[in-house]
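> no sequence for this one, just the structure:
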């Protein structure tokens with residue numbers, strides 16, 4: 001489990017230009033309405049009714065998905081505070097060396113410790129903590145195992161259909177999650193503590209995003225994530241904000257660094273570092 005010792009830290013506000021965001025939202029609404037009208041114009045009455053019904057379902061449940069994620073995460077601060085108090089108590093009793101190591105104990109071990117079975121937990125928790133530190137430095141696979149044939153084929157086919165250009169040599173390849181093309185400096189964001197350092201026009205690069213990260217999308221030139229699919233939070237929100245996104249790259253956070261200029265192609269599903277971009281331009 002991650003280190004939650006920073007849960008009590010007050011995060012500085014993220015500076016945002018409200019007028020720019022409102023103008024961007026108005027343009028996105030106009031673009032969406034134009035796209036819907038174009039779809040309806042080429043469909044017959046029966047297909048048009050079917051399109052409207054599916055569109056309504058998609059718009060409703062995309063919002064619900066984000067709301068339930070937000071509502072579930074609203075309980076995390078209380079859970080973290082409770083875990084911190086348990087860690088403090090066990091440290092005072094001499095059963096843990098550091099309060100944060102409570103996150104590396106299972107419930108039964110903690111219950112036994114606080115009900116009088118004074119078995120030290122420090123060695124066990126310390127070993128788990130070290131293992132976790134080693135594992136968190138490894139790039140996580142986008143999937144574990146292979147999806148069932150029908151599901152796997154559907155995902156692969158959807159990704160192929162979404163990819164409208166061929167990846168170039170030297171590019172980091174992922175899923176084309178939101179169309180468009182943008183170039184800018186990388187900003188690695190690993191947790192909310194990094195939010196304040198994010199500036200307008202940077203490329204947001206993260207392992208994954210959640211509703212709490214949404215304000216960054218209003219300022220980002222593009223978004224890149226290690227995990228995720230075309231239906232992930234980063235994909236949905238990037239499309240709403242009209243910025244390119246590439247998800248499911250597996251290891252972009254390990255291969256890119258802060259300040260590095262990259263071109264994110266949300267049509268091809270690629271992230272091309274500046275040097276590779278310059279080589280491709282020179283060869284053309």
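Received it, and whenever you're ready, just let me know what you need. Every value quoted in this text rests on a predicted model; they were computed, and no experiment measured them.

> just checking, what packs against the lengthiest helix in the chain?
What stands out as the longest helix in the chain, according to DSSP state H, is helix 45-73. Judged by 3 or more CB pairs under 8 Å, 6 or more residues apart in numbering; DSSP states H and E, helix 45-73 is in contact with helix 18-41, helix 233-241. (Each C-beta comes from the backbone N, C-alpha and C, glycine too.)

> of all those helices, which one is nearest residue 208?
helix 233-241 (7.0 Å; CB to CB).

> which secondary structure elements does the one helix or strand residue 126 maps to contact?
Per DSSP states H and E, residue 126 falls inside helix 122-136. Applying 3+ CB pairs under 8 Å, 6+ apart, we find helix 122-136 packed against no helix or strand.

> and the helix or strand harbouring residue 262, what does it pack onto?
If you go by DSSP H and E, residue 262 is part of strand 261-265. Identification of packing neighbours for strand 261-265 by 3+ CB pairs under 8 Å, 6+ apart yields strand 181-188, strand 222-225, strand 245-247, strand 270-273, helix 274-283.

> list the buried ones in the helix holding residue 126?
Neighbour-count burial for helix 122-136, counted by 16 or more other CB atoms under 10 Å, picks out 122, 124-125, 128-129.

> export these to CSV and tack on pLDDT?
Formatted as CSV, these follow (pLDDT from 0 to 100):
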residue, pLDDT
122, 86
124, 89
125, 91
128, 93
129, 91
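
> following element in sequence after the longest helix of the chain, please.
Following helix 45-73 toward the C-terminus (DSSP H and E): helix 76-92.

> how about the helix or strand following that following helix: buried residues?
Reading on from helix 76-92 to the C-terminus, the next helix or strand found by DSSP H and E is helix 107-114. Neighbour counts using 16+ other CB under 10 Å place 109-110, 113 of helix 107-114 among the buried residues.

> can I see the domain layout of this structure?
76-136, 163-283 (automatic domain parsing).

> of those domains, which approaches residue 58 most closely?
domain 163-283 (10.3 Å).

> quick one: average pLDDT of that closest one?
The average pLDDT for domain 163-283 rounds to 88.

> who touches the strand holding residue 262?
The contact list for strand 261-265 (CB atoms under 8 Å, 6 or more residues apart in numbering) reads 165, 171, 176, 181-186, 203, 221-224, 244-246, 256, 270-274, 277.

> let's see 7 Å
Strand 261-265 is contacted by residues 165, 181-186, 203, 222, 224, 244, 246, 256, 271-274, 277 when judged by CB atoms under 7 Å, 6 or more residues apart in numbering.
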